[in-house]
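Student: curious how this folds, go ahead:
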Amino acid sequence: MGKVAVAAIVSLWVIPISILLNHVVPHPYMDEIFHIPQAQQYCKGNFRSWDPMITTPPGLYYLSLAHVASLFPGMFYTKGASSVSDVCSIAILRSINGVLAIACSILVYEIIRHLRPALDDRKATFYSVVLALYPLHWFFTFLYYTDVASLTAVLAMYLACLRKNYWFSGLLGALAVAIRQTNIIWMLFVASSGIINITIDRQRDKADVDDPRASIRKNGQQAPEKRVIFGSNMRKRKIGGVVDASEHWTPTGSDSSKSCISGLVDEIVAVCLAILRAKKKFFVSFAPFIILLAAFVAFVRWNGSVVLGAKEAHAVSPHFAQIFYFGLFSALFMAPLSFSFGRAVTFFHSFWKNKPHGFFQAFLALIAGFISVHFFSIAHPYLLADNRHYPFYLWRKVINAHWSIKYLLVPLYVYSWLNICTRLGKFQRRIWVLGYFVATAAVLVPAPLIEFRYYTTPFFLLTLHSHDNDIMSWILMGSLYLALNVFTMMMFLYRPFHWDHEPGTQRFIW
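Tutor: Numbering: from 1, shown residues only. So this is what the prediction gives:
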């Protein structure tokens, strides 16, 4: 088992389904009608050509050129760049996402092994395969969209940061932003995680110096008493034990809402002080991130918008309801973990134990939810007009079926988000959880369109850091993903339909 097994298993569905899809849908579909001709222009060497309807940077097209060059080595040199356009076919361009999906599954495996070193290798392999089946990620593996490349670049950046290769992480961050500009938020999140890890390492080193038993441990001897300290990737870790404490640690009664707030403030202060005391070290370590951020700000100022094209249709909007949609969406796609009886009992018990603070938090969250869905729930024209997307039906048949539905869903939204925060807070530092929430909100709230593809990166980060070990829940989750994937692909391939007002075949898509 291991990353080779993960890659082999993912390849078992990537290759045959890619062949099937290219046979049934040989022409560009949906956003491919913009991306594929643009990539083919790059294949011809026309780097000044640009379709004004494309909103994302050209990172995927440059990756595609590298992909084509790897498949046909010497093509650029022996026959000239014009010949490359002959091999930049739709199938070849789509295949880049198949390759990236396999690479992404390996990155997921490596991140799981890094975050949870005590986890059994077979479980890490199984978890990686289940996440590779995540429906939004799985479906767009077979089309020429930016989603798979974007997720792969972000996870590669994050893994490099976890391994303390900050400069390499910054370079991968530049690649991620070149694929999708909203990845600048995840770049900032990754950099913040790196700063938090450095702060924790400094605190741990100081604790070892202050501990008279530090020399005993450094000499490889067992200290007579196990001591619990904070680790960089998990909430707590036992020194001198072979058990990963993150698998077993549960909140104690001292983790009340009041202590959580004071603990969060303490962590923020500790990080700020660490930065002030070692400004030069942090500046040198994270210089690529700083340069990238400055370049991005300059680009937005020059461009007048975050998006490159179709600026009117993608104007920034205060779509606060979007963050609540993500919470429920994630809970549903982790339903065996989120809505199990045991999970519900644990969740409500923690709130009952920490009353009245827990109830006050829930009350504030409910108020925020009602305000968001009432004043900041946006129905984008694309959402209302395009019946090829599943969100179109979700909006019409569920959210907008009756005026009361959107309010009745608020308790579910709040439960989902509180469940996310308690799950993450069980194993991650409070400042990390806050950073995750802020980054997710910064990516989703400005987006006026309900687009489930935007949820992929925060969903992966949530799942990777949840540390849920119930193998039966993971089996059920994998079965759910598999059933959804079969359904959506069958609908896409074999249930086409036509519009009266526009020629061509239409297909159902996420």
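Student: show me what Ile509 bridges to in the sheet.
Tutor: Ile509 has these beta-bridge partners by DSSP bridges: His389.
Student: how much space separates it from Tyr145?
Tutor: 10 Å (C-beta to C-beta, to the nearest Å). Where you see a C-beta, it was placed from the backbone N, CA and C, and this is true even at glycine.
Student: and what of Val398?
Tutor: Distance, Val398 to Tyr145, using C-beta to C-beta: 25 Å.
Student: geometric centre of this structure: which residue is closest?
Tutor: By C-alpha atoms, centre = their mean, the chain has its centre lying nearest to Thr457, at 1.4 Å.
Student: returning to that earlier point: which one's more surrounded, Val398 and Tyr145?
Tutor: Set Val398 next to Tyr145 and count neighbours by other C-beta atoms under 10 Å: Tyr145 wins out with 22 against 12.
Student: just list the residues touching that one, thanks.
Tutor: Asp31, Glu32, His35, Asn97, Arg453 (C-beta atoms under 8 Å, 6 or more residues apart in numbering).
Student: so what's the last one scoring on pLDDT?
Tutor: It refers to Arg453. Arg453 carries a pLDDT score of 94 in this model.
Student: tally of neighbours for Phe363?
Tutor: With other C-beta under 10 Å as criterion, Phe363 counts 12.
Student: from Phe459, how far off is the closest residue to Ala124 other than its chain neighbours?
Tutor: Nearest residue to Ala124, sequence neighbours excluded (C-beta to C-beta, 6 or more residues apart in numbering): Ile112, at 4.7 Å. With distances taken as C-beta to C-beta, Ile112 is found 15 Å from Phe459.
Student: packing partners for the strand or helix carrying Val99?
Tutor: For Val99, the element it lies in under DSSP states H and E is helix 90-115. Judged by 3 or more C-beta pairs under 8 Å, 6 or more residues apart in numbering; DSSP states H and E, the packing partners of helix 90-115 are helix 3-24, helix 32-43, helix 59-71, helix 121-132, helix 135-139, helix 147-162, helix 456-464.
Student: let me see the domain layout of this structure.
Tutor: 184-304, 306-469 (automatic domain parsing).
Student: out of those, deepest packed?
Tutor: Of all the domains of the chain, domain 306-469 has the most neighbours on average by mean count of other C-beta atoms under 10 Å, namely a mean of 17.
Student: just the endpoints, please. Distance across it?
Tutor: End-to-end distance of domain 306-469 (C-alpha to C-alpha, to the nearest Å): 39 Å.
Student: how distant is stretch 174-184 from the center of its chain?
Tutor: Mean-position distance between stretch 174-184 and its chain equals 13 Å (C-alpha atoms, centre = their mean, to the nearest Å).
Student: now do Ile275, the pLDDT please.
Tutor: 85.
Student: for Gly504, that is, sorry about that
Tutor: 87.
Student: now the strands for the chain?
Tutor: Taking DSSP state E as the test, the strands found in the chain are 227-229, 237-239, 497-498, 505-506.
Student: among these, which gets the worst mean confidence?
Tutor: strand 227-229 (a mean of 37).
Student: OK, contacts around the nearest residue to Leu484 once chain neighbours are set aside?
Tutor: Nearest residue to Leu484 in three dimensions, chain neighbours excluded: Pro135, at 4.5 Å (C-beta to C-beta, 6+ apart). By C-beta under 8 Å, 6+ apart, Pro135 lies in contact with Phe333, Tyr481, Leu484, Asn485, Thr488, Trp510.
Student: low pLDDT regions in the chain?
Tutor: The chain contains residues with pLDDT under 70 at 74-85, 204-262, 341-343, 347, 351, 355.
Student: and the longest helix for it?
Tutor: Longest helix of the chain, by residue count under DSSP state H: helix 183-210.
Student: mind listing what Ala483 touches?
Tutor: Contacts of Ala483 by C-beta under 8 Å, 6+ apart: none found.
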